[in-house]
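# okay, here's the prediction I keep looking at, along with the sequence it came from:
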Amino acid sequence: MPENPYLNVVVTAALTVIFIVASSYGLGFLARLIAKAQGKPSKYQENTFAGYFFAAPWIVGFVIFVVVPLAFSLYWSFTDYRVTAKGPANWVGLENYQTLLFEDDSFRASIINTLYLTVIGLPLQMAMALFLAVMLNQKMPGERIFRMAFYLPVILGFNTAVLLCWRLMLNTGTGIINQIIRLVTTAIPPLGYLSRALIFVQEVITAFFLGLNTGKYNLLTKVLEAGFPIENRVPLWVQSPLWSKMSVVLLMVWGCGAMMLIFLAGLNNIPKELHEAAEVDGASGWQRFWKISFPLLTPYIFYNLVVGLISSLQIFEPIFVLYRDNQPLVSSTISMVYYLWQKSFSHFEIGYGSAISWVILVIILVVTVIQFKLQDRWVTYDVY
């Protein structure tokens, strides 16, 4: 390749275009030959060539960037392959999986942490999305502005700049979130008692999950002995293992805009005649929502549940940005995918990391299949 970097880019782009055209033509030509061998008419052969020619870029890309890496990953999961090793990878069979499932305490901790984010974070995320959707369905002034504002976190995503801003806002002493909490609880004393009660409950739950990680419940005992939090107590978002996971949950709730739009579309699809008839019969707003809207929203709830569960089981970016350089707190927040990154790209244990990735895939697949098996018990498709 030429040493000029700009010329390298041009040559690489040209070779890429040539490869795409050549692979598209080759796949189309192969499809036409198969159609011809099957005795199809010439018109059918031409249509087959055209269809596969234009679909070839995606097909070839899928094979190169998905199928081939999957095959290598599956093979490496049965080896001790390391990037830094000079010799070839050795076949170890099921040793990686045996170590992972029965001996690796760190992976067990990552499963429990991910379970916390799923069991606590996903319901809160869906509840907030449904609440915002119901509010935005009231046809209030400035509705489009509010929709844009609530969907903006989805556009911003969990990129590094946004997460670093959140890290500053979650600072215990100077963060704007805790300053707002202090201001509100001082101005309204009953909210202060509620805030302290929520802090106590949250710390008890988190201490219990941390005890599941290690098998020791000393931290839970300390939280219970400390009792009800003192006045003006605020969450220690990114300073304490009792709050590290809840800060990630807060970010999950903040990014509920996509779910909100799904729920909003579902609310708009509910026939107005049903609400009007119920209103004539004297049903209150809550009764109309619980008896009419909620049952008809179950297909949308099911969709958000499946997508949200897959997303929460793969959560990585918030933990990576918020806690990667905070080693005392990493163990309290490490998720399955973060542990996969740690083993594969920090310790360079590609074989072991590949085994982790396949275990995660199986877990997601099993959970998703169970959800689809159970949907007939609570999802209502009758009106649709």
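Okay, I see it. Bear in mind that the values here come from a model prediction, so they are computed numbers and not experimental data. Numbers count the residues shown, from 1 in each chain.
# let me see the domain layout of the chain.
Structural domains assigned to the chain are 5-76, 102-172+236-377, following automatic domain parsing.
# now the end-to-end length of the shortest one.
It refers to domain 5-76. Chord length of domain 5-76, first to last residue, is 34 Å (Cα to Cα, to the nearest Å).
# and if you look at stretch 230-250?
23 Å.
# what's the mean pLDDT across that stretch?
For stretch 230-250, mean pLDDT is 89.
# what sits against Gln314?
Counting by Cβ atoms under 8 Å, 6 or more residues apart in numbering, Gln314 touches 336-337, 360, 364. For every residue, glycine as well, the C-beta is placed using N, CA and C.
# which of those residues sits closest to Leu210?
For the contacts of Gln314, the residue nearest Leu210 by Cβ to Cβ is Met336; the value is 16.8 Å.
# my guess is that closest one meets Tyr116, correct?
No. Using Cβ atoms under 8 Å, Met336 makes no contact with Tyr116, being 12.0 Å away.
# the two - which one has more neighbours?
Per other Cβ atoms under 10 Å, whichever of Met336 and Tyr116 has more neighbours is Tyr116, with 25 against 22.
# dump the residue contacts of the nearest residue to that one once chain neighbours are set aside.
If the residues on either side of it in the chain are set aside, Tyr116 comes closest to Phe209, at 4.9 Å by Cβ to Cβ, 6 or more residues apart in numbering. Applying Cβ under 8 Å, 6+ apart, one finds that Phe209 lies in contact with 112-113, 115-116, 245.
# quickly find the element holding the nearest residue in space to Ser331 that is not next to it in sequence.
Counting by Cβ to Cβ, 6+ apart, Ser331 lies nearest to Ala109, which is 6.6 Å off, once chain neighbours are set aside. Here Ala109, judged by DSSP states H and E, is contained in helix 105-116.
# contacting residues around the helix or strand just after that helix?
Counting by DSSP H and E, the next helix or strand C-terminal to helix 105-116 is helix 122-136. If you take Cβ under 8 Å, 6+ apart as the criterion, helix 122-136 is touched by 143, 146-147, 150, 249, 252-253, 255-257, 259-264, 266-267, 289, 293, 297, 301, 304-305, 308-309, 312.
# mind giving me the ChimeraX select for those, buried ones only?
This is the ChimeraX syntax for the buried subset of these, where burial follows 16 or more other Cβ atoms under 10 Å:
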select :147,150,249,252,253,255,256,257,259,260,261,262,263,264,266,267,289,293,297,301,304,305,308,309,312
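# shaky segments in the stretch 1-150 of the chain?
Within the stretch 1-150 of the chain, the segments meeting pLDDT under 70 span 1-2.
# hmm, back to that, roughly how far does the residue nearest to Ser331 sit from Trp358?
Separation of Ala109 from Trp358 (Cβ to Cβ, to the nearest Å): 19 Å.
# is the residue nearest the centre of the chain part of a helix or strand, or is it coil?
The residue lying closest to the centre of the chain (Cα atoms, centre = their mean) is Ser311, at 2.2 Å. The local conformation at Ser311, judged by DSSP: H, G, I helix; E, B strand; the rest coil, is helix.
# where's the closest residue to Pro241 other than its chain neighbours, which helix or strand?
Among residues not flanking Pro241 along the chain, Ser332 sits closest, at 3.6 Å (Cβ to Cβ, 6+ apart). Ser332 belongs to helix 327-333 when assigned by DSSP H and E.
# now the closest residue to Glu279 other than its chain neighbours: how far from His275?
Closest residue in space to Glu279, ignoring its immediate chain neighbours: Arg288 at 6.8 Å, by Cβ to Cβ, 6+ apart. Separation of Arg288 from His275 (Cβ to Cβ) stands at 5 Å.
# of the two, who's got more company?
Legend: neighbour count by other Cβ under 10 Å for Arg288 and His275, higher for Arg288 (19 against 16).
# the more buried one: which element?
Short version, using DSSP H and E: Arg288 is in helix 285-288.
# which residues are in contact with that helix?
Residues outside helix 285-288 that contact it (Cβ under 8 Å, 6+ apart): 275, 278-279.
# could you do stretch 373-384 as well?
Here stretch 373-384 makes contact (Cβ under 8 Å, 6+ apart) with 269-271, 295-296, 298-299, 301-302.
# what segments of the stretch 201-350 of the chain are helices?
Secondary structure of the stretch 201-350 of the chain (DSSP state H, counting those that start in this stretch): helices at 218-226, 244-254, 257-269, 272-280, 285-288, 294-296, 298-313, 317-323, 327-333, 336-341, 350-374.
# residues near Arg167, how many?
Counted by other Cβ under 10 Å, the residues lying close to Arg167 total 18.
# show me the helices in the stretch 1-150 of the chain, by range?
Applying DSSP H, counting those that start in this stretch to the stretch 1-150 of the chain gives helices spanning 5-37, 42-62, 68-76, 95-102, 105-116, 122-136, 143-156.
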